[in-house]
Structures are given as C-alpha cells and as structure tokens.
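Undergrad: model the structure of this input:
(one chain, ligands or ions: 2)
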Amino acid sequence: MSRDIRITPSILNADRENLSSEISRIAAVSDLIHLDVMDNIFVPNFTFDFDAASAIIKASPIPIDSHLMVAEVDEIAIAYAQAGSASVTIHVEACRNIRNTVRGIRAAGARAAIALKPGTDIDDYEEFLDDLDMFLIMTVEPGFGGQSFIDEMLPKIEKVRSLIGDRPIWLQVDGGISLNTIERAAHAGADTFVAGSAVFNSSDPAAMVQNLRKLASLTN
Ligand code: DX5
Ligand code: ZN
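TA: Ligands and ions are numbered 1, 2, ... in the order given. Have a look, this model is predicted:
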C-alpha cells in the first residue's frame with residue numbers, strides 16, 4: 001500500500017529578510033511550510049517571537065506547520081492554533097499536560113502533533129496516539145538546521161509506524177532530510193518530511209522539493 005507523501009520545507013535557513021519571496025519559490029510544490037519556533041530556553045537558539053510568527057502564518061499562501069521548540073509550551077500552543085497554524089507540534093519534553101494541550105490545539109481548529117527529541121523514548125507516549133493528527137520523530141537534536149540525519153532513529157520511526165497501524169496519523173521526520181537520507185526515512189515508515197538546508201541551499205528549491213517527493217514516493 002502506498003502512502004500519501006508530504007514535503008514541508010523549513011524556512012529556518014531561508015533568507016529571513018526576504019521570507020515572502022523565499023516562500024513563494026516553493027509554495028506551489030510544497031504541502032505545508034514548516035515554521036521552527038525556538039525560544040533560546042528549550043533549545044540554544046532563537047527564531048521568532050509570537051508576533052513575528054503570527055505575521056508569517058497570516059501572510060503565507062500555503063498552510064503553516066508550526067514546530068514549537070519552546071519551554072512551557074502548554075498555553076502558547078493554543079495561541080499558535082488560534083493564530084491560524086494548520087498544524088501545531090509541541091515537544092513532550094516541554095509540556096506539562098500533553099492531553100489537555102493537544103485537545104486544546106484541536107479545539108482551536110488546528111491539527112495536533114507531538115515531537116520527541118532523539119533521546120526520548122516512545123514508550124511513554126503511545127497512549128496519546130488517539131488524540132493526535134501527526135507524530136514527529138526528530139532525526140537531529142532540535143536547535144539548528146544543517147545537521148546530519150541520525151540513523152539510529154530509524155528503528156524508532158519503524159516502531160511509531162507500527163503503533164499507528166491504520167489510523168490516519170501522519171508520521172513526520174525532521175532533521176538532516178536530503179536526497180541522501182529521505183529514502184531511508186520513507187522506508188522506515190515516515191510520510192511527512194521536513195527539509196530545511198536541502199531545499200534552501202539548493203540553487204533550485206522547487207526542483208529539490210519535487211526530487212525529494214519523487215524519492216520518498218518510490219520508496220514508500
Ligand atoms: C531543527 C529544526 C528543523 C531544521 C531542519 O531543530 O526543527 O526543522 O530546520 O533543518 P535541516 O533540514 O537543515 O536539518
Ligand atoms: Zn522543525
């Protein structure tokens with residue numbers, strides 16, 4: 001059975017001074033734009049505050065996938081859903097009440113997702129699957145673009161794929177996805193792929209998105 005494939009380019013390493021033109025280069029061939037929100041507390045890097053992120057969400061021509069790498073994410077996650085994100089992902093390591101928060105995200109009209117850092121075990125989080133629209137397995141330590149894909153995450157992706165079974169939950173991978181790694185991630189069961197530096201360091205970002213999609217679809 002072949003799964004639907006989604007490519008969600010991350011604008012983390014795009015030209016921040018010209019974001020709307022950067023987004024317009026890939027919008028027609030991408031499923032969602034992946035927006036990395038970092039607070040310099042949960043991760044050692046800062047990207048956007050809520051107002052700046054909201055402006056990007058409102059101006060985007062295609063849906064936004066907000067990946068919140070922020071401490072004490074419970075309340076701000078709902079605000080990101082209310083601001084118009086199509087999808088909001090919280091880190092389990094930063095959340096006090098996962099069930100309430102994912103339900104709040106959905107009640108505000110967005111898809112809800114949880115993310116696990118590479119060192120976080122899946123076992124404690126299976127119980128949330130029925131409240132989720134997407135599950136994100138980080139394939140690098142969150143914080144920076146341009147890192148190498150961690151191959152040791154492949155069994156974790158396989159495990160989540162088998163736990164999902166036939167539920168319509170997207171399985172996303174984020175970090176180090178490129179022409180060299182996307183087939184491995186797809187073969188392990190991922191269907192939704194974040195790609196930052198692979199897309200925006202390419203001379204033709206739209207062609208790169210299409211090539212990534214082709215490889216993931218062939219493998220799938
Ligand atoms: C890392 C971010 C990623 C990052 C991916 O913490 O969550 O979304 O932008 O960048 P690449 O694709 O370059 O690894
Ligand atoms: Zn991300």
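
Undergrad: poorly predicted segments of this protein, please.
TA: For the chain, the stretches with pLDDT under 70 are 1.

Undergrad: now do the helices in it.
TA: According to DSSP state H, the chain carries its helices in the segments 19-26, 50-59, 74-82, 98-107, 154-164, 182-188, 197-200, 205-219.

Undergrad: can you tell me the residue of this protein closest to ligand 1?
TA: Gly196 (2.8 Å; C-beta to the nearest ligand atom). In this view, the C-beta of every residue, glycine as well, is placed from N, C-alpha and C.

Undergrad: so that residue is in contact with Ser10, correct?
TA: Yes. Counting by C-beta atoms under 8 Å, Gly196 touches Ser10, with 3.6 Å between them.

Undergrad: distance of Ala185 from Met138?
TA: Note on Ala185: its distance to Met138, by C-beta to C-beta, to the nearest Å, is 12 Å.

Undergrad: who does the residue of the chain at minimum distance from ligand 2 form a beta bridge with?
TA: Per C-beta to the ion, His67 is where the chain lies closest to ligand 2, at 3.8 Å. Beta bridges link His67 to Asp36, Thr89, judged by DSSP bridges.

Undergrad: what about it, neighbour count?
TA: 30 (other C-beta atoms under 10 Å).

Undergrad: related to what we said a few turns ago, overlap in contacts of Gly196 and Ser10?
TA: Shared contacts of Gly196 and Ser10 (C-beta atoms under 8 Å, 6 or more residues apart in numbering): 34, 36, 145.

Undergrad: near ligand 1, which residues of the protein are found?
TA: Those residues of the chain that sit near ligand 1, judged by C-beta under 6 Å from any ligand atom, are 10, 12-13, 34, 36, 67, 140, 142-143, 145-147, 174-177, 194-198.

Undergrad: can I get the buried part of those as one ChimeraX selection?
TA: Buried members of the residues of the chain next to ligand 1, defined by 16 or more other C-beta atoms under 10 Å, are picked up in ChimeraX with:
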select :10,12,13,34,36,67,140,142,143,145,174,175,176,177,194,195,196,197,198
